[in-house]
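[1] what's the 3D shape of this:
(6 chains, ligands or ions: 3)
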Amino acid sequence: MINSGDTAWLLVATALVLFMTLPGLALFYGGLVRSRNVLSVLMQCFAIAAVVSLLWMVVGYSLVFTDGGAAQAWTGGLSKAFLAGITVESITGTVPESVFAMFQLTFAIITPALIVGAFAERMRFAAMLLFSTLWLLLVYVPVAHWVWGGGWLAQMKFLDFAGGSVVHINAGVAALVAALVIGKRRGFPSQAMTPHNLPAAVTGAGMLWVGWFGFNAGSALAANGSAGMAMLVTHVAAAAGCVAWMAQEWLRFGKPSVLGIVTGMVAGLGTITPASGFVGPGGALAIGLLAGTVCFWATQFIKRRLAIDDSLDVFPVHGVGGIMGTLLTGVFGAAALGGIGHPDGRTIAAQLGVQLIGTVATIVWAGGMTWLLLKVTALVCDLRVTAEEENEGLDLVLHEERGYNITS
Amino acid sequence: MINSGDTAWLLVATALVLFMTLPGLALFYGGLVRSRNVLSVLMQCFAIAAVVSLLWMVVGYSLVFTDGGAAQAWTGGLSKAFLAGITVESITGTVPESVFAMFQLTFAIITPALIVGAFAERMRFAAMLLFSTLWLLLVYVPVAHWVWGGGWLAQMKFLDFAGGSVVHINAGVAALVAALVIGKRRGFPSQAMTPHNLPAAVTGAGMLWVGWFGFNAGSALAANGSAGMAMLVTHVAAAAGCVAWMAQEWLRFGKPSVLGIVTGMVAGLGTITPASGFVGPGGALAIGLLAGTVCFWATQFIKRRLAIDDSLDVFPVHGVGGIMGTLLTGVFGAAALGGIGHPDGRTIAAQLGVQLIGTVATIVWAGGMTWLLLKVTALVCDLRVTAEEENEGLDLVLHEERGYNITS
Amino acid sequence: MINSGDTAWLLVATALVLFMTLPGLALFYGGLVRSRNVLSVLMQCFAIAAVVSLLWMVVGYSLVFTDGGAAQAWTGGLSKAFLAGITVESITGTVPESVFAMFQLTFAIITPALIVGAFAERMRFAAMLLFSTLWLLLVYVPVAHWVWGGGWLAQMKFLDFAGGSVVHINAGVAALVAALVIGKRRGFPSQAMTPHNLPAAVTGAGMLWVGWFGFNAGSALAANGSAGMAMLVTHVAAAAGCVAWMAQEWLRFGKPSVLGIVTGMVAGLGTITPASGFVGPGGALAIGLLAGTVCFWATQFIKRRLAIDDSLDVFPVHGVGGIMGTLLTGVFGAAALGGIGHPDGRTIAAQLGVQLIGTVATIVWAGGMTWLLLKVTALVCDLRVTAEEENEGLDLVLHEERGYNITS
Amino acid sequence: MKLITAIIKPFRLDDVRNALSEVGVNGMTVTEVKGFGRQRGHTELYRGAEYVVDFLPKSKVEVAVSDELVERVIEAITAAARTGKVGDGKIFVTDLHQSLRIRTGETGDNAL
Amino acid sequence: MKLITAIIKPFRLDDVRNALSEVGVNGMTVTEVKGFGRQRGHTELYRGAEYVVDFLPKSKVEVAVSDELVERVIEAITAAARTGKVGDGKIFVTDLHQSLRIRTGETGDNAL
Amino acid sequence: MKLITAIIKPFRLDDVRNALSEVGVNGMTVTEVKGFGRQRGHTELYRGAEYVVDFLPKSKVEVAVSDELVERVIEAITAAARTGKVGDGKIFVTDLHQSLRIRTGETGDNAL
Ligand SMILES: Nc1ncnc2c1ncn2[C@@H]1O[C@H](COP(=O)(O)OP(=O)(O)O)[C@@H](O)[C@H]1O
Ligand SMILES: Nc1ncnc2c1ncn2[C@@H]1O[C@H](COP(=O)(O)OP(=O)(O)O)[C@@H](O)[C@H]1O
Ligand SMILES: Nc1ncnc2c1ncn2[C@@H]1O[C@H](COP(=O)(O)OP(=O)(O)O)[C@@H](O)[C@H]1O
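    Numbering: from 1, shown residues only, chains lettered A, B, ... in the order given. Ligands and ions are numbered 1, 2, ... in the order given. Sure thing, here's the model as predicted:
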């Protein structure tokens, strides 16, 4: 039966997660690029939101959440393609199925949108659109099925409350591969590529924090104690991520920065995501502090040492955070450490093993498929703009618009 | 009896719809004008929100939602003027009456705020305020009563779930008339009038998308399957509107633009609004695709062919979308087409007839009254600023402020 | 037992109040300073959010909301330090305790963040962080305990629904003292210090309006008639505050401004806060009109007459509004004036006496302690940057970042 | 060659550009500047704090022309920029020692 | 007539304007520019990526004056703009061939 | 002394600055300007309304140099700014009557 309180919460959580992408992530990413590319980033986020929504309706939802019969371990079926059979009366758990499908859709939107940060300022729009379509269907959809749709990882009781693997590892690893395949921006890393509008980026970051309550606490699919605790631990991890990253900057560079503190926040949020329904406040504190510290060093390493131009640091923040969080779920989810306890009374070691399997599987699948899909896309159209177009900026070249026209 | 889940949802839906206007619409519109007029647009949105709220309290709510006795077909009564009798205990359906009154108020705010787009960059603030006051009382309030307050259209079982006629046709037609009466901006259409801050406009657009869930799914007045389905179809139509507009631009101009995609989104959202509680996902897809396509061409026609300076394209998007959506409700609401079925088992043709009557009535009333009220306003004060003031910009001339003071 | 509707609402209310600070208040304040200091303001808001969250977890929640035993009149105890004992099952009223603790935390975040407006553009970040930490523990926490945690003011049935004293008087008085101790910005008041980005400030203001529904209606801790009425009166007071401030500007300066109207809104919202669960729409109208008028004159007086550089007018808006609202709660809360009636059938005069005691106590405590804590902070590190650093701007000097890098 | 610098009201820029095209000038460089002069600035009001802003937005148009064009260019600018109100701006003329087109290396009048 | 161009620190602009008024100059044109010179730029840090920004914000003040005023104007600017720290800026003087007030058509010193 | 003014494509600014350093120039002032010339502007499309933007973003580099450096500076700028495509920009040279370093009061070549 429908519970109106649970339904109210899931309606709102859906709005909150969409809000994370539009305008949250769009602003966060848009503010960090140079002003001549700001619209291209916003456009990518909007177009992904639109196209993924239609794909979800057509096959995505069905392939993730219906029974795949013999192939169930690997994929769902097509019985609900075009949302067939979903009516005003359909119910999932205690909420209307329409709301469940919508809530899940918002996760399918934000995941490819996160990858945008890796190839910002140089990828062609058409290639981006084709790649994102393929990626959604061949990376997001299967992994979501494995973990949340009753697939093989679900059968192993792999724990991922709100998308550590499905969203963050997936997007993070894809970002790393995309950065490598598409290549560096002209001038990277010697030339300064400063964020053109940090207040916009910080605004987007604030929206991410708020929206993440829908992401994690919404994943309880009910307005209950589990949702409440998920919100609390999410918040604690975000705050701890802020403080840890700020501390690293203060120690290492002598000055903390606002871009640093919000990046620490995102690291904390991404890392707590898989654990958010399983751990207690103490575990969240540990996870957040680790997230802020480790992701800080991962960013330094990828950007400065390896000089990989994952432009907005998607892998070191989401990828590394997602991996770490998925593994730590196996640790802090244990009742002894303040968590709700592992399934089937498993030990930490046992659960950690399962978590490791899921983590590796996601990394391998996302990494390999992303590489393949980019190569396929490159057969159809150029992946990146020409050097001269890059100089002129994607906004004018690809969209014939300019972001700002501010005169005094 | 009060249902806490329904109440929770309606409290939030109210916040979401207010969010659509402040800051959503304000940013969307504000970003699209030239920088010397940005504050004037924000000011208009804020002042409308404030003044309409007080008008609603004083007579608006009562005139729409109480029984008008003998005149009930045309207008409500005054028994709840000043919200008399609304206490902590008052209930409407399953929610506190205070919440119902607030939810409805947010619709009364956004409707005149939408019109602002038509006369942006030239109307005097005082005239705008007087006109909006009159318009709220003499256009919005009666039409809302006809449709939602038990008036003659409601008695005919005219279907408008969330405001296709009350909000969008009303505002769209008023915008067209206002653009004609007040006249073009100096230099239109020969001179470039480029949006001064597209990232702000896109941010506002993202907020509109999210807020629209409150608008449409909130109109179910409960957290149930109807609300869930309304959210789902709203989202599908928005996404389809994006894709359709983008496709048109790509085909016609060779490049899709971010302003285009968000305009398609608004078109999809405006068009699904009247239908959102009645149609299924398939109907929503059709409605969204039509919205993006037809509103695109309507915009080209009004702006380029007719050279009417409805500055931010309120009529071609909201007016045309509202008309189309109100009519299509009569089509896709049919059970055979995946809808919930028309009232009294009516055929599509029969319901379409009713929808047509409501549409025409709204167009005629909104069009005629808007013309009249602008003429009345013009007797009291100048409608627009002088040519020189237009050059200098409304922000300084009317408000003695400047939007930006950004130095490096 | 947990009520899912109440829980849904409180989960959302929590998100809304966090949204008020991040990005709401951050944008509101950030837009009002000069562009070379915008990041410093955003940084302060983010850092306060992060640090206060951890403090709240460690001792804050416990000190406010647990029983202090013999010292209960003055302070709570430490039994829930580190949120000890809060599990998925813990309940407060009809909601999970995790949600209650989170909701209250968002109030603890915004209160010190409000003070930032007083010392913007000159305070050192390290000093700000130390001061905010001390202030939270020694001003916010005890006063919150007195009023909401069963302390001496609660025992007197002092009425403060959502934080007139705990939040607004506290922050306002602290702001005034901080402005006096830290001193004026170089060049104040002779030199123009114009807001660098009013559209951003207005965007933040819109978010504050929307978020305030969570603040006030959330304080009902349930999705019921009390929450509904709190939302309604909150909205009416905001609208009335807008109109009153606008009218004052129009009369006095000949032109209303957008900064004026949004300041009136904040004044209305701050002033209704303590009263929001007790008064009716009529009382809210009176309170809002008074707020807009009195706070307008207070601002003129403090800034122009006294030439105190409370940079973003925290005291005249929040302090004066909070004082006025706390007192007026004793008036318009009376059943005779449309309120829900005073506790124990008290007369207006009797309740007004209690309200006065609470007001004076908060002013004295916040004023004295703020002074002391700033002096203590000054022993540890410089409170403000050097004159030369002030010229260069806090963003570069303290954070090595620049807000904008917008080229055409 | 001469460098002609005109400080004009921003909304006259399009008119000036057209007028210059008509007298055969095909290039110019424009800078947004702030002007201080006889024209009164405006007042800005922020929560009652009143600031007189003396600096007004102006556009600076720079055109390098051959000596024989100087008079015609000055006339064209004057006609296009004049509103008759205070603040219409100034024209300054300086000698140009040399000019060069970067792309081709052409110098003198050919570079313009 | 001479055109005096001063590159100064932005926060000294108000002082310079006042100083110029005192010596009887009633008009000037100001441009926000970026200066590169002996003064060290600052470092900016974005997620650990370190950029040295060599260009510093400066204000360029242009004043056209009659020949007899030149010395007084230079002195006034120098006094008002000097902080004694590196980066205080430069003053450049060029010959002004002609000047004209658009509104009235006045030329020469009368145009200033 | 001469004042050399170069209008260049913005993304060449870093190259030009480096080239100038190499020939021994230690100071310059840069302004963001809009240029109109032979180079075709771009089209912008807003909901189907098509605007041709004739003004293109350019950077104006101003360098005051002693007379003997002029040729070398011109060559350095030309080499660094040239892409060979239309719109590469111009170099203008004017006489500098006087120059002064505000901080020290030094004048002439010493001020540069
Ligand atoms: N002596 C001057 N040197 C440089 N620029 C000047 C001078 N006098 C005026 N200007 C510029 O010309 C603009 C117009 O001058 P103003 O005195 O206001 O009006 P008008 O040109 O009608 O006399 C000023 O805003 C300023 O930019
Ligand atoms: N040769 C030059 N040509 C043009 N502008 C210069 C030159 N040298 C310096 N400047 C300008 O003067 C400013 C100050 O110069 P700098 O060398 O930093 O300090 P100082 O003037 O104290 O010697 C620079 O930022 C630049 O804008
Ligand atoms: N006569 C001129 N006076 C001043 N600036 C000019 C002139 N002609 C061109 N410019 C500047 O030089 C830039 C490049 O000129 P353009 O004609 O487009 O290409 P090119 O330099 O290759 O011939 C222009 O954008 C403009 O800023």
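[2] okay, CA-based contacts and neighbour counts for the rest of this
    Noted.
[3] Show the low-confidence segments of chain A, by residue range.
    Along chain A, segments meeting pLDDT under 70 span A:408.
[4] Give me the phi and psi angles of the residue in it that chain B sits nearest to.
    Nearest residue of chain A to chain B (CA to the nearest CA) works out as residue A:5 at 3.8 Å. Geometry field for residue A:5 lists phi and psi as phi -70, psi -40, criterion degrees, to the nearest 10.
[5] what sits against it?
    By CA atoms under 8 Å, 6 or more residues apart in numbering or on different chains, the residues touching residue A:5 are A:222-223, B:4-6, B:8, B:223, C:3-8.
[6] any idea how far it lies from ligand 2?
    Look at residue A:5 and ligand 2: by CA to the nearest ligand atom, to the nearest Å, they are 63 Å apart.
[7] what's the answer for residue A:365, then?
    53 Å.
[8] now do residue A:128
    From residue A:128 to ligand 2 the distance is 42 Å (CA to the nearest ligand atom).
[9] One more: residue A:402?
    Using CA to the nearest ligand atom, residue A:402 is found at 29 Å from ligand 2.
[10] Secondary structure class of that residue, three-state.
    coil (DSSP: H, G, I helix; E, B strand; the rest coil).
[11] Verify the contact between it and residue A:394 for me.
    No: counting by CA atoms under 8 Å, residue A:402 stays clear of residue A:394, with 9.4 Å between them.
[12] what is in contact with the two at once?
    A:36, A:39.
[13] Just read off the phi/psi values of the residue of chain D found nearest chain B.
    In chain D, no residue comes nearer to chain B than residue D:44, which is 4.7 Å away by CA to the nearest CA. With angles defined as degrees, to the nearest 10, residue D:44 sits at phi -120, psi 140.
[14] ok, and the closest non-adjacent residue to it?
    Among residues not flanking residue D:44 along the chain, residue B:400 sits closest, at 4.7 Å (CA to CA, 6 or more residues apart in numbering or on different chains).
[15] wait, what's in contact with the one you found?
    Each residue near residue B:400 by CA under 8 Å, 6+ apart is listed here: C:255, C:257, D:42-45.
[16] now residue A:4
    By CA under 8 Å, 6+ apart, the neighbours of residue A:4 are A:95, B:3-6, B:222-224, C:4-5.
[17] Show me where chain D has its strands.
    D:2-8, D:28-36, D:42-46, D:49-53, D:56-65, D:90-95, D:98-101 (DSSP state E).
[18] pLDDT of the third one, averaged?
    Averaging pLDDT along strand D:42-46 yields 90.
[19] helices or strands up against it?
    Taking 3 or more CA pairs under 8 Å, 6 or more residues apart in numbering or on different chains; DSSP states H and E as contact, the helices and strands that strand D:42-46 lies on are strand D:49-53.
[20] For residue 84, grab phi and psi.
    Picking chain A for this. Dihedral angles (degrees, to the nearest 10) for residue A:84: phi -50, psi 130.
[21] now the helix ranked longest in chain D: mean pLDDT?
    Identified as the longest helix of chain D according to DSSP state H is helix D:70-81. Helix D:70-81 shows a mean pLDDT of 97.
[22] Tell me who's in contact with the residue nearest to residue A:96 when sequence neighbours are not counted.
    Distances taken as CA to CA, 6+ apart place residue B:225 nearest to residue A:96, at 5.2 Å, with adjacent residues excluded. Shown in contact with residue B:225 (CA under 8 Å, 6+ apart): A:88-90, A:95-96, A:98.
[23] mind running it again at 6 Å?
    Counting by CA atoms under 6 Å, 6 or more residues apart in numbering or on different chains, residue B:225 makes contact with A:88-89, A:96.
[24] distance of the closest residue to residue A:90 other than its chain neighbours from residue C:37?
    Using CA to CA, 6+ apart and skipping the chain neighbours, the partner closest in space to residue A:90 is residue A:97 (5.2 Å). The gap separating residue A:97 from residue C:37 is 48 Å, by CA to CA, to the nearest Å.
[25] Could you check which of the two is surrounded by more residues?
    More neighbours surround residue C:37 than the other of residue A:97 and residue C:37, with 26 against 22 (other CA atoms under 10 Å in any protein chain shown).
[26] and the helix or strand containing residue A:126, does that touch chain B?
    If you go by DSSP states H and E, residue A:126 is part of helix A:125-135. No: judged by CA under 6 Å from any CA of the partner chain, helix A:125-135 stays clear of chain B, getting no closer than 9.2 Å.
[27] Can you name the element that comes right after that helix?
    Sequence-wise, the next helix or strand downstream of helix A:125-135 (DSSP H and E) is helix A:141-148.
[28] Output the contacting helices and strands for the next helix or strand after that following helix.
    As assigned by DSSP H and E, the chain's next helix or strand after helix A:141-148 is helix A:152-155. Packing partners of helix A:152-155 (3 or more CA pairs under 6 Å, 6 or more residues apart in numbering or on different chains; DSSP states H and E): helix A:141-148.
[29] outside of the helix it packs on, which residues touch it?
    With CA under 6 Å, 6+ apart as the criterion, helix A:141-148 contacts A:64, A:75, A:151-154, A:166.
[30] Turn those residues into TSV, including neighbour count.
    Below are those laid out as TSV (neighbours: other CA atoms under 10 Å in any protein chain shown):
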residue	neighbour count
A:64	30
A:75	26
A:151	25
A:152	20
A:153	24
A:154	18
A:166	30
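[31] Enumerate the residues of chain D near chain B.
    D:44-45.
[32] for ligand 2, what are the nearby residues on chain D?
    By CA under 6 Å from any ligand atom, no residue of chain D approaches ligand 2.
[33] Fine by me, we can end here.
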